[in-house]
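Asks: next come a sequence and a model predicted from it.
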Amino acid sequence: MASTEADYLHIVTADNISAARIRFGKTIIWASAALLCVVGLVQYLDTQGIVSLGFETWRPTLYAFLIWASCLCWGQVLLYGERGKRALFVLPAALFVVAMVVFPLIFALGIAFSNWNLSSPTGRQFNGLDNVRQMWADPFYWNALKNMVWYTLAIVVEYAIAFGLALALNAQIRARKFFRVAFLLPLMLSPVAVSWMIGKSMLEIRFGPVARLLRELGFDQISFFGSPEMARFMIMAMDAWTFIPFMMIMILAGLQAIPKELREAAEVDGASGWSRFWEITFPLMLPVSITAILIRIIFKLKLADIIINITAGGPGGATDSVTSFIFREYRDRSNVGYGTLLAIVYLVLIVIAMTILMKLADRWMRPRY
Amino acid sequence: MTQQIFRDSDADRAFRPSWFLGRAAIYAVLLVWAFICLFPIYWTLTTSFKAAPDVMQGNLVPWVDFEPKMLGLRSLGLSPETIFAESTVRAEFLKRFWNSVIVALCSSALALVLGSMAAYGLSRFNYRFGFMKNADISFFFLSQLILPPVVLALPFLVLYKELALLDTRIGLILLYTLTVMPIVIWIMRDQFSSIPTELEEAALVDGLSIWGAFVTIILPIALPGMVAAFILSLVLTWNEYFFAALLTSTNANTLPVMVASQTGSQGISWWSMAALSSAAILPLILVAILLEKYIIKGMAAGAVK
């Protein structure tokens, strides 16, 4: 992924940019910025009741922001000519992400330390560290975090299954395309539909086919979501079912990139299938595996849809993920402040954990010989 | 008498049975997993044609175990006898379906445009925005992938309320664009850096501007990657439930929200839930069958280096 300086496209341009054009460029950028500030300020004063112009929404500020963003892009071309046109490739996406992520995150920090019930007329009240104290004493939140650790650990099993399937698909088999499409399909399904298809109907205790099969096999007391361990396992299994194809395809791509000569050389040297796998295939697959697992962890940390729709966190919070817990917390009490604090703590934990993981992965991926 | 000079050694011949055994094991594994993958889909599709007794008896095979009935389609107002009649259920369903289509297509397209441009710029030029260089900018974009949706959900609830974007399709489109853009940038950066820069250099010498070269020369070459990125975005946005559940109520509900809201209320009338679920999964199943090549290509991008 690291590309060197020499890979880049070099363009030599001779732009003749007149002083008037530069002046115009600077003017529109600063003028639109001033417009944005003024509109924002006026709207703020309006909400504080200092001036009353009767704004219904913050839309005018949004429009002012859009004008400023467009002027900034246009101004780049006016000011820097060809170099500005290059900046135009990245600038829209960057502005979009900043507006949609950085600004709301700062806003979220403000909400997190307040008590804000959206349905109550009193509006937002700053309450300092009350939310932190409440979180510290909230057993359900810690329970949800603990569940996330379990859910994440399940990835090891998913990875083993995905690797096995990728090996089988990579063998000389017939009807490879059929198997590939069939294996890919679970990934395409909406988690909400999956939670009905599997969680609510196939695992239904009276009429579901799985329960029927188990009864045929002689089990009497069937309950899929009764005990905490069983319920957690079922959620893990369903999530694994949807996401195993994802890891499988990444691993398959890695397997196909291994040159055949290596395998043949090992065969000539008399390595058995087992040692061929552990000494050649597996070490060569390490970088791909780590990438696949890291991406899978990222997706796993967002796990919520299935839980919300099948167990709603039950029994007794045993299946709650952090996301589904905050979702219910908001649905039940519509307290934006506390939920946001929980989410931000979660984000901080994730960032710390992912940084450590990536550092470790970096160390493992470096060749040792 | 001729004698065979070259022949397999005894050791190689003895290997044959275990080779067949290995083949059988591989096919067994593949078939079992294919069954695990396909059975829930088959179950859903057939259940939408089952009446209550069929559900309770656990009939599996249509025409053998039970006679298919149009119950599922009728519950959506789409069966032959109800399709021309006035139907509120159908109107409701089509509205949700249409919302899903528009939101998924628009946000994927927007993410593709913004993401491709950014990926191209990052793969070709050296940028410096303040202290941020190319590697930092790339990391800034890709790190959005780590951000769990729940962190943004509640702030956006408040912001959208203030901006009157709550329960609108535009609000959802903007958020979905944000969530899939890192993936588009990842795939497209991979794609662009595999295209040699000599192509643009030649085009620039011939008098095209850099944007002209990008649009007329580079994009057509990168088309397979763009299709892959578009389809992956489509999958993620079509299936998205969390934001849609929080930020929409009556106007802009998408199909997953409708499926989720009906789940509890239907009791044993599984056929209507099955029909609804089928409608939610069928478009993407068709996409998967027809465009499997691109999906696999998209997911393999970045895996192999």
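Replies: On my side now, so go ahead.

Asks: need the phi and psi values for A:Gly314.
Replies: Main-chain torsions, A:Gly314, degrees, to the nearest 10: phi -80, psi 180.

Asks: show the low-confidence segments of the chain, by residue range.
Replies: Answering for chain A, as no chain was given. Residues of chain A meeting the criterion pLDDT under 70: A:1-8, A:10-14, A:121-123, A:366-369.

Asks: sorry, should have said chain B
Replies: Of all residues in chain B, those with pLDDT under 70 make up the ranges B:1-3, B:7-16, B:264-268, B:302-305.

Asks: residue in it nearest to chain A?
Replies: As assessed by Cβ to the nearest Cβ, chain A sits closest to B:Gly121 within chain B, at 2.9 Å. The C-beta positions use only the backbone N, C-alpha and C, and glycine is treated the same way.

Asks: next up, the contacts around that residue.
Replies: Contacts of B:Gly121 were listed using Cβ atoms under 8 Å, 6 or more residues apart in numbering or on different chains, and they are A:86-87, A:89-90, B:127.

Asks: just curious, which of the residues you listed is nearest to B:Ser209?
Replies: Lowest distance from B:Ser209 to the contacts of B:Gly121 (Cβ to Cβ) belongs to A:Arg86, with 10.8 Å.

Asks: tell me who's in contact with the closest one.
Replies: Taking Cβ under 8 Å, 6+ apart, we find A:Arg86 in contact with B:121, B:125, B:127, B:210.

Asks: show me what contacts residue 43?
Replies: Assuming you mean chain A. A:55, A:58, A:60-61.

Asks: chain B is the one I meant
Replies: By Cβ under 8 Å, 6+ apart, B:Trp43 lies in contact with A:197, A:201-202, A:209.

Asks: if we look at chain B, which of those residues are close to it?
Replies: Residues of those in contact with chain B (Cβ under 8 Å from any Cβ of the partner chain): A:197, A:201-202, A:209.

Asks: gap between whatever residue of the stretch 251-369 of chain A ends up closest to chain B and A:Met247?
Replies: Closest approach of the stretch 251-369 of chain A to chain B (Cβ to the nearest Cβ) occurs at A:Ala253, with a separation of 3.3 Å. Counting by Cβ to Cβ, to the nearest Å, the separation of A:Ala253 from A:Met247 is 11 Å.

Asks: neighbour count for those two, which is higher?
Replies: With other Cβ atoms under 10 Å in any protein chain shown as the criterion, A:Ala253 and A:Met247 differ in neighbour count, and A:Met247 comes out ahead with 27 against 20.

Asks: look up phi and psi at the residue nearest to the more buried one when sequence neighbours are not counted.
Replies: Using Cβ to Cβ, 6 or more residues apart in numbering or on different chains and skipping the chain neighbours, the partner closest in space to A:Met247 is A:Ala162 (3.8 Å). Summarising the backbone geometry of A:Ala162 under the convention degrees, to the nearest 10, its torsions are phi -60, psi -40.

Asks: only alpha carbons, please: show stretch B:30-42 as PDB.
Replies: This file holds the C-alpha atoms of stretch B:30-42, laid out as PDB (Å, rounded to 0.1, in the frame of the first residue of the first chain):
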ATOM      1  CA  LEU B  30     -18.900 -28.100   0.500                       C
ATOM      2  CA  LEU B  31     -22.300 -29.700   0.200                       C
ATOM      3  CA  VAL B  32     -23.100 -29.400   3.900                       C
ATOM      4  CA  TRP B  33     -22.100 -25.800   4.000                       C
ATOM      5  CA  ALA B  34     -24.000 -25.100   0.800                       C
ATOM      6  CA  PHE B  35     -27.100 -26.600   2.500                       C
ATOM      7  CA  ILE B  36     -26.500 -24.500   5.600                       C
ATOM      8  CA  CYS B  37     -26.300 -21.400   3.400                       C
ATOM      9  CA  LEU B  38     -29.300 -22.100   1.100                       C
ATOM     10  CA  PHE B  39     -31.800 -23.800   3.500                       C
ATOM     11  CA  PRO B  40     -32.900 -20.600   5.300                       C
ATOM     12  CA  ILE B  41     -33.400 -18.800   2.000                       C
ATOM     13  CA  TYR B  42     -35.400 -21.800   0.700                       C
END
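
Asks: and that stretch, does that touch chain A?
Replies: Yes - for stretch B:30-42, a contact with chain A is found by Cβ under 8 Å from any Cβ, at B:30, B:33-34, B:36-38, B:40-41.

Asks: any residues of the stretch 251-369 of chain A in contact with chain B? List them.
Replies: Residues of the stretch 251-369 of chain A lying close to chain B (Cβ under 8 Å from any Cβ) are A:251-254, A:257, A:287-288, A:291-292, A:295, A:298, A:301-302, A:304-305, A:308-309, A:322-323, A:326-327, A:330, A:336, A:339-340, A:343-344, A:346-347, A:350-351, A:354.

Asks: quick one: which of the residues you listed sit in helices?
Replies: Among these, the members found in helices (DSSP state H) are A:251-254, A:257, A:287-288, A:291-292, A:295, A:298, A:305, A:308-309, A:322-323, A:326-327, A:330, A:336, A:339-340, A:343-344, A:346-347, A:350-351, A:354.

Asks: now do the SS call for B:Asn253.
Replies: coil (DSSP: H, G, I helix; E, B strand; the rest coil).

Asks: where exactly do the strands run in the chain?
Replies: Going with chain A. A:114-115, A:125-126 (DSSP state E).

Asks: switch to chain B, that's the one I care about
Replies: With DSSP E as the criterion, chain B has strands spanning B:128-129, B:132-133.

Asks: just send those back as a markdown table, with distance to chain A and mean neighbour count too.
Replies: Conversion of the strands of chain B to a markdown table gives the following (distance: least, Cβ to the nearest Cβ, whole Å; neighbours: other Cβ atoms under 10 Å in any protein chain shown):
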| stretch | distance to chain A | mean neighbour count |
| --- | --- | --- |
| strand B:128-129 | 7 | 12 |
| strand B:132-133 | 9 | 13 |
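
Asks: turn these into CSV, columns for distance to B:Pro62.
Replies: Supplementary listing: the strands of chain B in CSV, determined by distance: least, Cβ to Cβ, whole Å:
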stretch, distance to B:Pro62
strand B:128-129, 61
strand B:132-133, 60
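
Asks: filter the residues of the stretch 251-369 of chain A next to chain B down to the buried ones.
Replies: Buried residues within these, defined by neighbour count using 16 or more other Cβ atoms under 10 Å in any protein chain shown: A:251-254, A:287-288, A:291-292, A:295, A:298, A:301-302, A:304-305, A:308-309, A:322-323, A:326-327, A:330, A:336, A:339-340, A:343-344, A:346-347, A:350, A:354.

Asks: tell me the spacing between A:Arg215 and chain B.
Replies: Distance, A:Arg215 to chain B, by Cβ to the nearest Cβ, to the nearest Å: 10 Å.

Asks: hmm, that residue is touching A:Ile222, no?
Replies: Yes - proximity of A:Arg215 to A:Ile222 meets the contact threshold set by Cβ atoms under 8 Å, at 6.8 Å.

Asks: that older thread, can you lay out the contacts of A:Arg86 as JSON lines showing distance to B:Leu60?
Replies: As requested, these are arranged in JSON lines below (distance: Cβ to Cβ, whole Å):
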{"residue": "B:Gly121", "distance to B:Leu60": "55"}
{"residue": "B:Phe125", "distance to B:Leu60": "59"}
{"residue": "B:Tyr127", "distance to B:Leu60": "59"}
{"residue": "B:Ile210", "distance to B:Leu60": "60"}
